[in-house]
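Visitor: just the structure for this:
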Amino acid sequence: MVEREKLSGCVVFRGSVPREKIAEEFAAADIFVLTSDYEGYPRVLMEAAAAALPIVTTAVSGSDEAVVNGETGYIVPVRARDTLVEKLSSLLEQPERRIEMGLRGRRHIRERLDPSMNAPRQVTIWRKAAPPCTPAIAAEQEQHLLLFNLVTDARDPILGFTTQWIRELAARVGSIDVITMRAGVIDVPPNVRVHSVGKEHGYSEPRRVLEFYRHLFRILRTQRIDGCFSHMMPPFSLLGGPILRARRIPLVTWYAHPNLTLWVRLAHFFSNRMVTSLPRAYPYRKDKLSVIGQGIDTALFAPSPTAVVSDDLVLCAGRISRVKNHPTLLRAAAFLRIPFRLVILGATAGADDEIYARELKQLVSELALKTPLLSRVRCPAASCPSIIAVARCM
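Guide: Okay, the predicted model is just below:
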């Protein structure tokens with residue numbers, strides 16, 4: 001089939017690259033594609049749009065926030081191979097149209113999702129949630145905030161962006177104390193202190209709970225806290241919620257995922273406000289909900305002024321996992337009649353992902369799609385923008 005379809009050498013498994021290099025990878029591409037069956041919230045779509053890349057994506061949660069269908073890219077049904085082929089062909093055949101769509105996508109993201117806009121919104125929500133008698137709320141630069149998150153690591157391939165969020169918030173308040181599940185490379189301003197519960201050290205769950213309370217009580221004992229923001233950490237909202245409520249410290253919990261768990265329900269109960277990116281991203285009651293959009297660093301994820309446009313390079317970025325449904329993309333590639341290259345960027349995370357990666361290589365072999373490289377190196381956060389910047393359609 002490889003000779004028949006003239007697809008030899010068109011598929012490259014790049015694995016995951018350092019995040020500080022990822023903008024270069026994106027800048028090398030012309031089209032971004034996501035064929036997932038399911039997504040919690042695909043930030044990669046927002047990052048691709050910020051980098052002025054036209055997008056073809058399946059209709060997963062969050063796709064309609066990143067893509068204006070028909071204007072900045074295309075949203076296709078899940079597992080609709082023929083529709084995927086049609087939209088990819090359209091973009092490959094019309095370079096001027098895909099550039100125009102990409103630029104419209106960047107404007108769309110900059111207007112709605114830049115963190116310089118979202119950070120003030122978050123502070124405003126804290127101020128509204130705070131008790132009227134809290135004097136420090138009147139002056140943002142005197143506020144002392146507590147933040148719960150899953151990872152504080154500037155080089156984390158998935159959650160490295162949270163460091164930028166912390167920086168944006170730190171510029172608007174007096175100080176921030178972060179209690180994180182896992183710490184890595186810490187790159188935050190001097191007015192930010194990071195306290196890990198020790199997942200990076202292999203601590204057990206009971207030990208991490210004890211570490212959480214040790215950090216929390218020490219912070220509350222030594223520092224006045226005017227508000228708490230919990231980012232995608234319903235368990236920390238539940239653990240800290242009763243204590244914060246007793247001290248009249250407002251708790252705002254960010255949650256943007258369709259999965260409704262008991263943790264989310266309990267976090268909702270203890271939180272003064274729940275914050276999400278768009279109404280459909282929050283699966284529970286709307287009585288406490290504020291919608292403020294995502295925070296995408298549009299200065300970091302931007303078109304490269306020096307990038308050399310490649311010859312019809314299609315990029316797919318994300319974890320190598322079954323839910324990403326790469327087989328639909330590979331089968332669509334076999335049907336495309338236009339010469340192009342497909343780069344699949346991402347790392348595995350566990351035994352099942354490794355099995356899946358081997359199955360993908362076997363499928364590529366069956367389809368006679370040559371795969372010259374398969375890498376397992378993770379992609380730290382700072383590399384992602386450079387990959388995106390080279391791409392023209394993601």
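
Visitor: quick one: residue 185 from residue 331, how far?
Guide: 39 Å (Cβ to Cβ, to the nearest Å). For glycine as for every other residue, the C-beta is placed from the backbone atoms N, C-alpha and C.

Visitor: when the two are compared, which one has more neighbours?
Guide: Neighbours per residue (other Cβ atoms under 10 Å) separate residue 185 from residue 331, with residue 331 holding more: 17 against 14.

Visitor: now the nearest residue to that one once chain neighbours are set aside: how far from residue 219?
Guide: Leaving aside its sequence neighbours, residue 331 sits nearest to residue 81 (Cβ to Cβ, 6 or more residues apart in numbering; 5.5 Å). Counting by Cβ to Cβ, the gap from residue 81 to residue 219 is 53 Å.

Visitor: before we move on, what about residue 186?
Guide: Distance from residue 186 to residue 219, by Cβ to Cβ: 17 Å.

Visitor: likewise residue 279?
Guide: According to Cβ to Cβ, residue 279 and residue 219 sit 33 Å apart.

Visitor: what helix or strand is residue 300 on?
Guide: Under DSSP states H and E, no helix or strand contains residue 300.

Visitor: using the three-state scheme, assign residue 75.
Guide: Following DSSP: H, G, I helix; E, B strand; the rest coil, we place residue 75 in the strand state.

Visitor: give me the pLDDT for the residue nearest the centre of the chain.
Guide: Centrality entry for the chain: nearest residue to the mean C-alpha point is residue 43, 3.1 Å, by Cα atoms, centre = their mean. According to the per-residue confidence, residue 43 scores 83 in pLDDT.

Visitor: list the contacts of it.
Guide: The contact partners of residue 43, by Cβ atoms under 8 Å, 6 or more residues apart in numbering, come to 161, 294, 296.

Visitor: quick check: domain ranges of the chain?
Guide: 2-113+302-390, 115-291 (automatic domain parsing).

Visitor: of those domains, flag the one that's most buried.
Guide: With neighbours defined as mean count of other Cβ atoms under 10 Å, those peak in mean count at domain 2-113+302-390, which reaches a mean of 20.

Visitor: ok, and the closest non-adjacent residue to residue 301?
Guide: Setting aside the residues directly before and after it, residue 301 is nearest to residue 50 in space (Cβ to Cβ, 6+ apart), at 3.9 Å.

Visitor: surely that neighbour meets residue 294?
Guide: No: counting by Cβ atoms under 8 Å, residue 50 stays clear of residue 294, with 10.2 Å between them.

Visitor: just to revisit the earlier point, weakest of the domains of the chain in terms of mean pLDDT?
Guide: Here the lowest mean pLDDT among these goes to domain 2-113+302-390, at a mean of 80.

Visitor: now do the phi/psi pair for residue 178.
Guide: Residue 178 adopts backbone torsions of phi -100, psi 120, taken as degrees, to the nearest 10.

Visitor: picking that back up, for the contacts of residue 43, which one is nearest residue 27?
Guide: residue 296 (16.6 Å; Cβ to Cβ).

Visitor: what's the burial count for the closest one?
Guide: 26.

Visitor: ok, now the one 5 residues further on?
Guide: The number of residues packed near residue 301 is 27, by other Cβ under 10 Å.

Visitor: ok, and the closest non-adjacent residue to residue 76?
Guide: In space, residue 76 is closest to residue 83, 4.5 Å off (Cβ to Cβ, 6+ apart).

Visitor: thought that neighbour was touching residue 75?
Guide: No: with contact defined as Cβ under 8 Å, residue 83 does not count as touching residue 75 (9.9 Å).

Visitor: isn't residue 30 right up against residue 342?
Guide: No: the criterion here is Cβ under 8 Å, and residue 30 misses it with residue 342 at 10.9 Å.

Visitor: can you pull out the strands in the stretch 101-250 of the chain?
Guide: For the stretch 101-250 of the chain, the strands defined by DSSP state E, counting those that start in this stretch occupy 144-152, 175-183, 192-196, 227-231.

Visitor: tell me which of those strands lies nearest to residue 111.
Guide: Closest of the strands of the stretch 101-250 of the chain to residue 111 is strand 227-231, at 22.8 Å (criterion: Cβ to Cβ).
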